[in-house]
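# Model the structure of this input:
(one chain, ligands or ions: 1)
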Amino acid sequence: MRMYDLIVKKRNGGFLRPEEIRYMVEEYTRGNIPDYQMSAMMMAIYFRGMNEEETLELTLAMEQSGEILDLSGIRGIKVDKHSTGGVGDKTSLALAPMVASCGVPVAKMSGRGLGHTGGTIDKLESFPGFTTELTPDCFMENVNRIGIAIMGQSAKLAPADKKLYALRDVTGTVDNMSLIASSIMSKKLASGADAIVLDVKTGSGAFMKKEEDAYALAREMVRIGKGAGKRMAAVISDMDQPLGYAVGNALEVKEAIATLKGEGPADFMELCLTLGSQMLLAGGKAEDEARAKELLQQVLRDGRALKKLAEFVEAQGGDSAAVYDESLLPKADYEEPCLSVKEGYVSRIDCEEVGICSLLLGGGRETKESVIDLSVGIVLLKKKGDYVKRGEALALLYANDREKLRNALTRLLGAYELSDEKPGPVPLIKGILR
Ligand code: URA
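The predicted structure is shown next:
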């Protein structure tokens with residue numbers, strides 16, 4: 001087999017056979033196919049697409065390119081949750097303790113933030129001492145003992161995807177449905193859970209700006225997961241404005257803690273209850289969504305979910321006192337309001353811009369090597385549909401550097417659009433696929 005022939009076949013609109021896809025993935029991972037040939041193939045796929053069989057085969061080949069976690073040592077149905085990424089998306093921080101308190105084991109691989117979106121691991125590191133570098137034995141022991149463990153994505157898992165994703169990132173070939181679906185699902189399948197609940201975001205802060213594209217991606221991933229024998233559900237949710245109010249690592253941790261105390265933002269709570277009920281259904285802990293929501297609300301009311309967060313933080317080396325005392329979390333030196341120069345209803349917030357403002361303050365990574373400042377970020381005071389007077393604060397910015405603060409303030413102001421007419425409500429949950 002020659003890579004050259006496969007590139008020409010795809011360029012001309014042909015379909016790759018399973019053994020051709022295997023060959024390409026295996027030899028590329030081994031370093032026997034050069035980046036320039038794989039780049040040409042990615043571009044050919046970008047323009048010609050892949051059919052369902054090709055996409056499934058690509059996913060499985062990438063899944064099997066490295067280690068596959070064996071979680072059989074964990075009792076019960078292991079449920080994983082994955083978000084396609086967003087701004088202010090602190091969902092796992094509240095959701096994992098909620099679901100674990102209801103008896104569904106959460107054995108989760110998480111990533112760090114890159115670009116305008118945040119990552120769960122960075123957020124968790126706001127707890128002094130917290131680590132996600134667990135051995136597989138410790139990971140499983142923690143899930144069996146307290147019901148949750150979160151580990152960093154091992155480089156040994158789906159190495160083909162790691163290499164390919166880095167290549168796609170610099171060759172303009174990221175935003176292709178088959179390539180995104182196979183990339184995400186190869187890592188999820190290699191992580192060994194029995195059931196996977198996906199949160200596919202859509203809107204100005206998401207990968208999939210258009211709702212129909214988010215649906216198509218969700219459908220593709222559900223199909224792949226089922227094809228690989230997993231229980232699957234996908235929630236399509238709004239990311240046209242940040243989730244909740246807080247954007248930035250420690251600020252988001254505080255908001256997640258408030259949510260576990262029943263004092264969180266309504267949209268964030270709705271998303272946690274929706275994803276949580278899908279996880280409880282997949283984990284066999286509830287017979288229908290209404291019962292699942294009741295169970296989740298119960299563990300919030302009686303404080304079990306908050307206690308579970310503290311146990312989880314403690315088990316991974318963190319200072320669990322910070323769950324009950326916010327002053328132990330990182331805190332920025334400056335707090336400055338972003339004042340509106342007009343009055344009217346907030347009609348649009350460019351969500352990606354808000355993520356970039358947090359990044360500019362130091363809360364995100366511009367490159368993989370960047371060191372992030374956990375204390376900085378933004379707390380929105382106004383969201384879509386809210387009325388704002390001239391001179392009133394749209395948001396509060398938290399910073400440790402005056403120059404960065406000035407840049408972020410100007411940019412955040414530009415992210416808000418105001419109008420005389422009150423915009424209609426935007427549903428947070430667009431749909432659920434199974
Ligand atoms: N996230 C991934 O893991 N892979 C993609 O291709 C896009 C987003």
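# For the stretch 51-200 of the chain, give me the ranges with low pLDDT.
By pLDDT under 70, the low-scoring segments of the stretch 51-200 of the chain are 114.
# how about the residues of it that lie near the ligand?
Within reach of the ligand by C-beta under 6 Å from any ligand atom, the stretch 51-200 of the chain has these residues: Tyr165, Val174, Leu179, Ile180, Ser183, Ile184. All C-beta spots, glycine's among them, are computed from the backbone N, C-alpha and C.
# residues in contact with the last one?
Taking C-beta atoms under 8 Å, 6 or more residues apart in numbering as the definition of contact, the neighbours of Ile184 are His82, Thr84, Met221.
# so the first one makes contact with Ser191?
No: using C-beta atoms under 8 Å as the test, His82 is too far from Ser191 to be in contact (9.1 Å).
# picking that back up, biggest separation within the residues of the stretch 51-200 of the chain next to the ligand, which pair?
Spanning the widest gap among these are Val174 and Ile184, at 11.7 Å by C-beta to C-beta.
# Quick check: the residue of the protein nearest the ligand.
Closest contact between the chain and the ligand, by C-beta to the nearest ligand atom, is at Ser183 (3.3 Å).
# Show the backbone phi and psi for the spatially closest residue to Glu417 that is not a sequence neighbour.
Closest residue in space to Glu417, ignoring its immediate chain neighbours: Arg348 at 4.0 Å, by C-beta to C-beta, 6 or more residues apart in numbering. Backbone geometry at Arg348, expressed as degrees, to the nearest 10, gives phi -160, psi 140.
# can you pull the contacts of Arg348?
Counting by C-beta under 8 Å, 6+ apart, Arg348 makes contact with Ser204, Asp240, Lys384, Tyr416, Glu417, Pro423.
# Gly283 too?
Residues counted as contacts of Gly283 (C-beta under 8 Å, 6+ apart) are Gly76, Ile77, Val79, Val99, Gly103, Val104, Pro105, Ala195.
# Which of those are buried, as a ChimeraX select command?
In ChimeraX, a selection of the buried entries from the contacts of Gly283 looks like this (16 or more other C-beta atoms under 10 Å):
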select :76,77,79,99,104,105,195
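# Looking at the contacts of Gly283, which is nearest Tyr398?
Val99 (29.8 Å).
# Next, count neighbours for the spatially closest residue to the closest one that is not a sequence neighbour.
Nearest residue to Val99, sequence neighbours excluded (C-beta to C-beta, 6+ apart): Met279, at 4.8 Å. Using other C-beta atoms under 10 Å, Met279 is surrounded by 29 other residues.
# Distance-wise, check Met279 relative to Ile429.
Remark: distance between Met279 and Ile429 (C-beta to C-beta, to the nearest Å) = 15 Å.
# likewise Ile148?
Using C-beta to C-beta, one obtains 24 Å as the distance from Ile148 to Ile429.
# Break down the stretch 151-300 of the chain into its strands, ranges please.
Counting by DSSP state E, counting those that start in this stretch, one finds strands in the stretch 151-300 of the chain at the ranges 195-202, 231-238, 246-247.
# For the first one, C-alpha coordinates in PDB please.
Put plainly, it is strand 195-202. Provided in PDB are the C-alpha atoms of strand 195-202 (Å, rounded to 0.1, in the frame of the first residue of the first chain):
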ATOM      1  CA  ALA A 195     -21.500   5.100  28.900                       C
ATOM      2  CA  ILE A 196     -20.700   8.500  27.500                       C
ATOM      3  CA  VAL A 197     -22.800  11.600  27.800                       C
ATOM      4  CA  LEU A 198     -21.800  14.400  25.400                       C
ATOM      5  CA  ASP A 199     -22.400  18.100  25.800                       C
ATOM      6  CA  VAL A 200     -22.200  19.500  22.300                       C
ATOM      7  CA  LYS A 201     -22.100  23.300  22.400                       C
ATOM      8  CA  THR A 202     -23.300  25.700  19.700                       C
END
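# Hmm, Cys357 and Ala415 touching each other?
Yes: between Ala415 and Cys357 there is a contact at 7.1 Å, judged by C-beta under 8 Å.
# Count the residues that sit near the residue nearest to Ile378 when sequence neighbours are not counted.
Nearest non-adjacent residue to Ile378, counting by C-beta to C-beta, 6+ apart: Val247, 4.7 Å away. Using other C-beta under 10 Å, the number of residues around Val247 comes to 35.
# ok so, going back, which of the residues of the stretch 51-200 of the chain next to the ligand tops the neighbour count?
Greatest neighbour count in those, by other C-beta under 10 Å, goes to Ile184: 25 neighbours.
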